[in-house]
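**Student:** One predicted model, sequence on top.
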Amino acid sequence: MRLFYDADLTSLRQDTQILSFAIIGEDDRKFFIEFQTDNPTNNIHVMGNTEMYGYNVDRAQFPELFQKFIEPYDKVDMWSDYLMYSWVAFCELFGGMDNLPLKVNEVPYDLCTYLHLKNISPHQNREDLLGLKSSEKKTNALWEAMITKSCLQLLDDFIPTPMN
């Protein structure tokens, strides 16, 4: 199962921390967590078997919540738009990459590299690539995860990978 994720970060440095984290699966299941550093309340909402949202969540709760979300899957591949900092910060939520759940492939994938392989600039605006109007554009982790998923599906469906 491909899981498309995005994270809002405190900075673009090695010691960055995740402020919010979102996933949308190929099956359209959604996972969204906002972390709080002061007085976490762990306000978790589970909507059936398809959606989990958490607000003001203690970082220590993340591994358990993530494990619950990926429970239906045999194996997951994590995809992001540009994962340089978000992947390291994601792994740190588990205490490092060696502690990732066994179902999670320790090799992440990113849309930037995939765009490059399709002979499209990795700097291409994702919403423009999808033909979205400016009034439809949003900025948050869940929206960005959905955009990554949509771009990858578009590329899979319509643009063959060039053979050199």
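**Tutor:** Perfect, I can see it now. Residues are numbered from 1 along each chain as shown.
**Student:** shouldn't residue 21 be in contact with residue 32?
**Tutor:** Yes. Contact criterion CB atoms under 8 Å: residue 21 and residue 32 qualify, at 7.4 Å. C-beta here means a position set from N, CA and C on the backbone, and glycine is covered the same way.
**Student:** Which of these two has more residues huddled nearby?
**Tutor:** More neighbours surround residue 21 than the other of residue 21 and residue 32, with 27 against 20 (other CB atoms under 10 Å).
**Student:** wait, doesn't residue 122 sit right on residue 112?
**Tutor:** Yes. Using CB under 8 Å as the test, residue 122 is close enough to residue 112 to be in contact (3.9 Å).
**Student:** Just want the phi and psi numbers for residue 54.
**Tutor:** phi -130, psi 130 (degrees, to the nearest 10).
**Student:** swap that for residue 22, please
**Tutor:** phi -140, psi 150.
**Student:** Look up how far residue 147 lies from it.
**Tutor:** Separation of residue 22 from residue 147 (CB to CB, to the nearest Å) stands at 11 Å.
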